[in-house]
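J.: here is a sequence together with a model predicted from it:
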Amino acid sequence: MASNGSSVLKMPEIKFTKLFINGAFIDSISGKKFETRDPRTGDVITEVAEGDKEDVDLAVKAAREAFDHGSWPRMSGFAGIPDGVINVITGYGPTAGAAITSHMDVDAVSFTGSTEVGKLVMGAAAASNLKTVSLELGGKCPLIVFNDADINMSVQIAWQGGFFNKGEMCVAGSRVYVQEGIYDEFLKKLIENVKDWVIGDPFDPQVHQGPQVDKEQFEKVLRYIEAGKREGATLLTGGKAVGEKGYYIEPTIFTDVKEDLSIAKDEIFGPVICVMKFKTIEEAIEKANNTRYGLAAGILTNDLNVANRVSRSVRAGIIWVNCFFITDLNVPCGGHKMSGFGKDSGLQAMEKYLNVKSVFTPIYNSPWL
């Protein structure tokens with residue numbers, strides 16, 4: 001782990017621990033609070049107000065009142081946008097201002113999170129006057145590496161795709177499929193990254209990987225690692241907690257992984273990847289699609305025909321060719337299957353916020369009237 005030196009950034013001051021409702025920070029109606037802990041040490045940082053149904057009802061009532069009688073819905077599109085989000089709105093194109101001005105739908109719900117919680121949100125929306133729901137949920141994204149790909153680039157993309165943000169990314173490339181011609185060399189080079197990978201305090205600029213977000217997630221990831229070993233996969237490297245305090249886990253690589261193992265099927269949301277071998281394009285496509293998720297996928301090849309064929313065939317909402325984690329505000333992003341539906345960014349993202357209305361007004365004496 002990285003040592004704590006003078007270059008380590010200071011822990012920011014925690015200023016707000018109450019619920020923000022109707023423009024003010026207030027205690028929850030019940031007065032309940034919950035602890036939030038520093039994942040670096042496990043120590044309690046502070047206590048935060050815990051909202052419940054009554055607090056949600058209060059927030060919804062305030063939002064409804066503001067929408068029905070406040071000035072915001074009657075502002076021009078750009079007058080009602082805070083400065084901090086103007087760069088997001090520009091990604092929707094030149095029609096965004098006009099669309100926002102008159103068609104915002106306060107009953108729309110846009111949610112990012114796990115598939116399990118997404119199911120609950122969708123069920124609640126269906127029971128609540130059929131609210132519009134857009135869900136960006138979990139993933140188990142494949143990264144497909146073909147024989148002709150640049151192997152050094154591929155190794156770096158696979159490493160960053162799996163271990164960036166300690167694997168807590170819904171689009172993490174946690175299933176790495178490598179064509180048999182470069183499989184052995186790919187594994188050798190992949191493992192070499194371990195020695196230069198620094199785990200430690202995320203406030204230290206020299207650190208590559210910090211702790212998992214909390215104790216529950218830390219323990220969940222370790223359970224998956226143990227399940228992978230128990231179910232017969234080969235632990236190539238990693239697999240253990242790091243240090244005496246905090247929620248740190250070594251970058252973990254499994255091989256000899258069968259498609260029906262939990263580490264191959266489930267979104268672990270931690271620094272765990274499975275590296276598997278394939279022979280043909282058809283096999284790669286079949287394996288990539290052998291998942292209940294469909295959020296994103298990566299394809300690494302120098303053959304444009306292969307890239308086009310696989311990108312058309314893999315059932316995922318985002319396809320990266322010879323790259324990973326690339327985004328653009330003008331391009332719609334969203335998943336298929338159990339990864340949800342609806343889009344973020346691009347003009348398609350506007351749809352979930354719109355309540356389209358048709359208005360017919362005669363401007364001359366029509367023979368039909």
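T.: That came through, no problem. Numbering: from 1, shown residues only.

J.: what residues does the nearest residue to R40 once chain neighbours are set aside make contact with?
T.: Sequence neighbours aside, G246 is the residue nearest to R40 in space, at 4.7 Å (criterion: C-beta to C-beta, 6 or more residues apart in numbering). C-beta: built from backbone N, CA, C; applies to glycine. G246 makes contact with D38, P39, R40, T41, G42, P211, according to C-beta atoms under 8 Å, 6 or more residues apart in numbering.

J.: what's near enough to touch the second one?
T.: This points to P39. Contact analysis of P39 by C-beta under 8 Å, 6+ apart lists G210, P211, Q212, V213, D214, F218, G246, Y247.

J.: same check on the last one?
T.: Taking C-beta under 8 Å, 6+ apart as the contact definition, P211 lies against P39, R40, K166, P202, F218, G246, Y247, Y248.

J.: if we use 10 Å, what do you get?
T.: 38-42, 166, 199-202, 217-218, 241-243, 245-249 (C-beta atoms under 10 Å, 6 or more residues apart in numbering).

J.: where's it relative to G270, distance?
T.: 11 Å (C-beta to C-beta, to the nearest Å).

J.: my guess is Q206 meets V198, correct?
T.: Yes: counting by C-beta atoms under 10 Å, V198 is a contact partner of Q206 at 5.9 Å.

J.: thinking again about what came up before, which one of the contacts of G246 is nearest Q160?
T.: The closest of the contacts of G246 to Q160 turns out to be P211 (C-beta to C-beta; 18.5 Å).

J.: could you list the low-pLDDT ranges of the stretch 101-250 of the chain?
T.: The model of the stretch 101-250 of the chain has pLDDT under 70 over residues 101-111.

J.: what about the strands in it?
T.: 109-112, 133-136, 142-145, 175-179, 234-237, 241-242, 248-249 (DSSP state E, counting those that start in this stretch).

J.: contacts for the fifth one, please.
T.: In other words, strand 234-237. Under C-beta under 10 Å, 6+ apart, the answer for strand 234-237 is 187, 190-191, 193-194, 225-226, 228-229, 250-257, 273-275.

J.: how about the residue sitting nearest the centre point of the chain: what's its closest non-neighbour residue?
T.: Compute the mean C-alpha point of the chain, and by C-alpha atoms, centre = their mean the closest residue is C170, 3.4 Å away. Take C170 and drop its neighbours on the chain: the residue closest to it by C-beta to C-beta, 6+ apart is G139, 4.8 Å away.

J.: what is the burial count for the one you found?
T.: Using other C-beta atoms under 10 Å, G139 is surrounded by 30 other residues.

J.: still on that earlier bit, in PyMOL, how would I select the buried members of the contacts of P39?
T.: Buried members of the contacts of P39, defined by 16 or more other C-beta atoms under 10 Å, are picked up in PyMOL with:
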select buried, resi 210+211+212+213+218+246+247
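
J.: narrow the contacts of P39 to those in helices?
T.: Residues of the contacts of P39 located in helices (DSSP state H): F218.

J.: and for E185, the neighbour number?
T.: Applying other C-beta under 10 Å, we find 12 residues neighbouring E185.

J.: how about it, nearest residue that isn't a chain neighbour?
T.: Spatial nearest neighbour of E185, excluding adjacent residues (C-beta to C-beta, 6+ apart): I151 at 6.2 Å.

J.: can you spell out the domain ranges of this protein, please?
T.: What automatic domain parsing lists as the domains of the chain is 16-70, 90-137+332-357, 142-326.

J.: need the winner for burial among those domains.
T.: Most buried of the domains of the chain, by mean neighbour count (mean count of other C-beta atoms under 10 Å): domain 142-326, with a mean of 19.

J.: can you pull the contacts of the residue nearest to E185?
T.: I151 neighbours (C-beta under 10 Å, 6+ apart): V145, V178, I182, E185, F186, K188, K189, L190, L300.

J.: now for those, which pair is the farthest apart?
T.: Maximum distance among these (C-beta to C-beta): 17.0 Å, for K188 and L300.

J.: how far away is E47 from F34?
T.: E47 is 7 Å from F34, by C-beta to C-beta.

J.: quote the end-to-end distance of stretch 16-35.
T.: Criterion C-alpha to C-alpha, to the nearest Å; first-to-last residue distance in stretch 16-35 is 14 Å.

J.: circling back to that earlier point, if we take the contacts of P39, which one ends up nearest to E54?
T.: For those, the nearest to E54 is D214 (25.8 Å; C-beta to C-beta).

J.: show me what contacts that closest one?
T.: T36, R37, D38, P39, G42, K220, Y247.

J.: so which of those belong to strands?
T.: Counting by DSSP state E, these place T36, R37 in strands.

J.: which one of the contacts of D214 is nearest N308?
T.: Closest approach between the contacts of D214 and N308, by C-beta to C-beta: K220, at 38.0 Å.

J.: thought G270 was touching that closest one, still the case?
T.: Yes: here K220 reaches G270: they are 7.4 Å apart, a contact under C-beta under 10 Å.

J.: what touches both of these two?
T.: Residues touching both K220 and G270 (C-beta under 10 Å, 6+ apart) are Q212.

J.: just the pLDDT at A2, thanks.
T.: Note on A2: pLDDT of 56.

J.: same deal with P94?
T.: P94 is assigned 50 on the pLDDT scale.

J.: neighbours of K140, just the number please.
T.: There are 25 residues near K140, going by other C-beta under 10 Å.

J.: quick one: it from S339, how far?
T.: Distance of K140 to S339, given as C-beta to C-beta: 9 Å.
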